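A.B. asks: Would you be able to build a 3D model of this:
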Amino acid sequence: MAIPSPPTPQSKPSPAAIIKAYWLPAILFSGAMFFQLVAIPRSFPPSHYDVLGLKGFSSIEDVKEAYQNLYSDWKTGTKASSTLDMIKIQYAFELLSNPIWKRDYDIFGIDEHLDVLERVKEKYINAEFSDVSLPLLEPTSFEPDQDSDVISSENFVSKLQNSTALLVQVVSAGSSRCAQFYSLWKRIASFLDGVADTGMVDTSDLKLATYLSEKRYTGAPFFRNGLPSLLAFPPGCKTSDCIVRYTGELSVDAVTDWFATTILSLPRISYYSKESLAQSFLGKASRHKVKVIFVSKTGQRATPSVRQVAKIYWSYASFAFTVWREEESVFWSNTFGVEEAPAVIILRDPGVKPVVYHGLIDNSRLVDIMEQNKHQVLPQLRSVTSMELGCDPKGYSRAGNDTTVWYCAVVIGRQSAELHKMRETMRRVQEILSNDADADQLDLQTATSAAVALKEKRLTFAWVDGEAQKRFCMFYVNVEDSHDTCGPRRDITDAPRLFLVRYKRNDTEVNKKVEENPMNMFASMASRDADPTSQLVALYKGLDETPQIIKWISETVRDGDTRDLPFHRTSTPELVPEDADPIWSKGREQIISSSRGVKQRMGTVLQRINDLVDDPRLGPMLLLAALMSFGFIYLRRNQSIKPNEGANSSQSNTEGDERPKLRRRRPKGQRNPDLPPSITDMEPPNAVQMPFTDSDSE
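C.D. replies: As a prediction, the model looks like this:
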């Protein structure tokens, strides 16, 4: 029998191994000590009540009594106090004896005069307290004007019922910062007039001010950046969950830009110099849009009302700002006809004289200007303008819903010099037909039908980009060489074409066609897919000369009005949208929900970390986690390991031996011929079969 060898003594673990094993408890313990010894004392400095030797929230009478006792002790020399200590006592007395300052300090933790305290301490550090100029703090008060919109607990709910955005300023009547900001606030409110609602909330309304404040881990209200505090309710927001707080500089430009961009999702309008205006704006802006240039005298940012107009008319116009300089006045006068600033320049089409509006323009006037000039002189037929121009078979004419027959004269082709020339010709045709002074240049009998239809708004002139609207172009220009007009350019040939569409609306005929085949499913589906308006297309094949075009349009209109042409319905290809949705149009409206949006959560990460540092519960939690992790690791490292011994093995497995391999199963059907046979494998020679007594065989 083999004698087992004695166990080898275990070696002592190295310091590196111990550090590697206990690194997590060490980090947690260090964090706990840091929070307990450094972070927590910084976050909870002695209060002004402690300076006076009082309990928190003591009354003003107790404050005055405590101050008189401390001042008497210093005066009589009963208790020696340094100059800095007496300055702190004086500051605490003046702060807590003012009812408004005391209320804001007790409830919201607001103490906006700390900079005064630091300056006085630095100034009189080596002086006697009798040399200190008293009082340290100068009381300040202000009252809002009568036209200022003050929000109270009574009318706050009605303010939120409005679907527009709301900008709120939380103020205190005794705050010097609020008094200084009040003039800027009135300018901000004037800029937002007509765009959003504004209002002021005083901290004297404790219920509403507490609702609008931020909350500490204990639930105590506070304003992170003091007063005034600006916060916004986005459009459609009716709860405190979607409040967005402003944390930037308290200036008119910064606040209005933040509110317009973040809350209202309004676009920014860039400034361009005289040199960059043509290359960066006019050259890169969409060709089908009207160009609107604001000539500013001050160079200030576009107001929210102007940016709102830019957002509304984004599909029709491109906007830019530029600064007026006296040394460049000749350029502006010769190029655009601008004599002075401020002014608004409207560029409707290349080669067309600009339209200039001088003087200050308010929001309603700007909307009227955009309505008059939102289309080019020869408007482009697009997905957003087809219904408005009356060139959509699913809609009505510009003359109204009661009009039965109307027309659209359309120039179509790829962007090229030929298309530009054809557009100029059609602009001239439109101008002549709409201007009686130029009608003497033509035969009145020839132009009468077209001029009357244009005056009655039954005739519309437009142009289409044949490259962007290939399917639409191929549908109307159904000729052999239509590839010269429609689709991508294959060669140098560009052949713009003019066609006239006659629209006829007959609701009786449409309903009749549907009722004729009530049991025919395919006919019913085809009838639903077809446009409700009949279309007949006439393609112009003459010379690109104004008199001939006017004659052809007038004759076609006269035939369409007088002749009984067949009612033919078809399915017209849809116009492809040429402009994608801008980024700024997908702003605050998409992230507002019943809980905070993703962007808002990301913006408050740092604030949450700062709030977590101020939480005194964090230190004990880290210490508990350090102790638990230390105990768990210690138990695992010192757990006894029992040796695995075999049942019939003559030697025990020592530490470090490999585990015994599992016995391999022998496959079925295989036999080892070297093994001796079992007693049941063969019959012995002297074996006798013993009969059973109850056997049937006798």
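A.B. asks: give the contact list for the residue nearest to Thr198 when sequence neighbours are not counted.
C.D. replies: If the residues on either side of it in the chain are set aside, Thr198 comes closest to Ala189, at 4.4 Å by Cβ to Cβ, 6 or more residues apart in numbering. Using the backbone N, CA and C atoms, a C-beta is placed for each residue, glycine as well. The neighbourhood of Ala189, defined by Cβ atoms under 8 Å, 6 or more residues apart in numbering, consists of Ser148, Asp149, Thr198.
A.B. asks: what about Ala189, which helix or strand?
C.D. replies: When elements are assigned from DSSP states H and E, Ala189 belongs to helix 176-191.
A.B. asks: next helix or strand past that helix?
C.D. replies: The C-terminal neighbour of helix 176-191 among helices and strands, as given by DSSP H and E, is strand 197-202.
A.B. asks: counting contacts, what elements does the helix or strand following that following strand pack onto?
C.D. replies: Under the assignment DSSP H and E, the closest C-terminal helix or strand after strand 197-202 is helix 206-212. Helix 206-212 is packed against helix 99-108, strand 166-171, strand 197-202, with contacts defined by 3 or more Cβ pairs under 8 Å, 6 or more residues apart in numbering; DSSP states H and E.
A.B. asks: Buried ones in helix 206-212, by neighbour count?
C.D. replies: By neighbour count with 16 or more other Cβ atoms under 10 Å, helix 206-212 contains the buried residues Leu208, Ala209, Leu212.
A.B. asks: Nearest residue to the last one in space, please, no chain neighbours.
C.D. replies: By that I understand Leu212. The spatially closest residue to Leu212, leaving aside those adjacent along the chain, is Val170, at 5.9 Å (Cβ to Cβ, 6+ apart).
A.B. asks: about what we covered before: keeping just the C-alphas, turn the helix holding Ala189 into CSV.
C.D. replies: Taking Å, rounded to 0.1, in the frame of the first residue of the first chain, the C-alpha atoms of helix 176-191 are listed here in CSV:
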residue,chain,number,x,y,z
SER,A,176,-31.5,92.9,-8.6
ARG,A,177,-30.7,90.5,-11.5
CYS,A,178,-34.4,90.3,-12.3
ALA,A,179,-34.7,94.1,-12.3
GLN,A,180,-31.7,94.4,-14.6
PHE,A,181,-33.1,91.8,-17.0
TYR,A,182,-36.6,93.2,-17.1
SER,A,183,-35.9,95.6,-20.0
LEU,A,184,-34.4,92.8,-22.0
TRP,A,185,-37.4,90.6,-21.3
LYS,A,186,-39.8,93.2,-22.7
ARG,A,187,-37.8,93.2,-26.0
ILE,A,188,-37.8,89.4,-26.0
ALA,A,189,-41.6,89.4,-25.5
SER,A,190,-42.0,91.9,-28.4
PHE,A,191,-40.0,89.7,-30.7
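A.B. asks: Tell me what angle that helix forms with strand 197-202.
C.D. replies: Using axes from the mean of the first three to the mean of the last three Cα atoms, to 10 degrees, one finds that helix 176-191 and strand 197-202 are set 160 degrees apart in direction.
A.B. asks: Can you give the distance from helix 176-191 to the centre of its chain?
C.D. replies: Averaging C-alpha coordinates over helix 176-191 and over its chain gives two centres that are 26 Å apart (Cα atoms, centre = their mean, to the nearest Å).
A.B. asks: do the same with stretch 233-247
C.D. replies: 13 Å.
A.B. asks: and that stretch, how far apart are its ends?
C.D. replies: In stretch 233-247, first residue to last residue: 15 Å (Cα to Cα, to the nearest Å).
A.B. asks: same check, this time on stretch 562-577
C.D. replies: Note: stretch 562-577 ends 36 Å apart using Cα to Cα.
A.B. asks: if we can go back for a sec, can you tell me which of the helices and strands packed on helix 206-212 is packed in deepest?
C.D. replies: strand 166-171 (a mean of 23; mean count of other Cβ atoms under 10 Å).
A.B. asks: That one - which strands sit beside it in the sheet, and in what orientation?
C.D. replies: strand 197-202 (parallel), strand 229-233 (antiparallel) (DSSP bridges).
A.B. asks: quick one: which of these is nearest Gln279?
C.D. replies: Proximity of these to Gln279 was assessed by Cβ to Cβ; the nearest stretch is strand 229-233, lying at 37.6 Å.
A.B. asks: Each with direction, which strands does the helix or strand that the closest one is followed by pair with?
C.D. replies: Going down the chain from strand 229-233, the next helix or strand is strand 244-245, by DSSP H and E. Counting by DSSP bridges, the strands paired with strand 244-245 are strand 229-233 (antiparallel).
A.B. asks: and the partner strand, which residues are buried?
C.D. replies: Buried residues in strand 229-233, counted by 16+ other Cβ under 10 Å: Ser229, Leu230, Leu231, Ala232, Phe233.
A.B. asks: Tell me the spacing between the nearest residue to Ser251 once chain neighbours are set aside and Lys551.
C.D. replies: Leaving out its chain neighbours, the residue that sits closest to Ser251 by Cβ to Cβ, 6+ apart is Leu184, at 6.9 Å. Distance, Leu184 to Lys551, using Cβ to Cβ, to the nearest Å: 65 Å.
A.B. asks: Kindly report the same for Gly194.
C.D. replies: Relative to Lys551, Gly194 is positioned 50 Å away (criterion: Cβ to Cβ).
A.B. asks: the more surrounded of the two?
C.D. replies: Between Gly194 and Lys551, counting by other Cβ atoms under 10 Å, Lys551 is the more crowded of the two (18 against 13).
A.B. asks: Please tell me I have it right and Leu52 contacts Glu94.
C.D. replies: No: in this structure Leu52 lies outside contact range of Glu94 using Cβ atoms under 8 Å: 11.4 Å.
A.B. asks: sorry, back to before: how many neighbouring residues does the residue nearest to Ser251 have?
C.D. replies: Summarising burial for Leu184: neighbours were counted as other Cβ under 10 Å, giving 15.
A.B. asks: contacting residues for it?
C.D. replies: With Cβ under 8 Å, 6+ apart as the criterion, the residues that contact Leu184 are Leu250, Ser251, Val252, Val255.
A.B. asks: Pull out the buried members of these.
C.D. replies: Applying a neighbour-count criterion of 16+ other Cβ under 10 Å, the buried members of the contacts of Leu184 are Leu250, Val252, Val255.
A.B. asks: Is Phe472 located within a helix, as I assumed?
C.D. replies: Yes: if the criterion is DSSP: H, G, I helix; E, B strand; the rest coil, then Phe472 is within a helix.
A.B. asks: How much space separates Gly199 from Thr546?
C.D. replies: 60 Å.
A.B. asks: Quick one: residues contacting Ile40.
C.D. replies: Residues touching Ile40, when contacts are defined by Cβ under 8 Å, 6+ apart, comprise Pro616, Gly619.
A.B. asks: where does the stretch 551-698 of the chain dip in pLDDT?
C.D. replies: Judged against pLDDT under 70, the low-scoring parts of the stretch 551-698 of the chain cover residues 580-613, 640-698.
A.B. asks: Please repeat the previous calculation with a cut-off of 80.
C.D. replies: Low-confidence regions of the stretch 551-698 of the chain, defined by pLDDT under 80, span residues 568, 578-618, 639-698.
A.B. asks: do the same with the stretch 401-550 of the chain
C.D. replies: Applying pLDDT under 80 to the stretch 401-550 of the chain flags residues 436-447, 507-529.
A.B. asks: One more pass at 50, please.
C.D. replies: 437, 439, 513-516, 519, 521-526 (pLDDT under 50).
A.B. asks: which residues in it form strands?
C.D. replies: Along the stretch 401-550 of the chain, the segments classed as strands by DSSP state E, counting those that start in this stretch run 405-413, 459-465, 497-505, 533-539.
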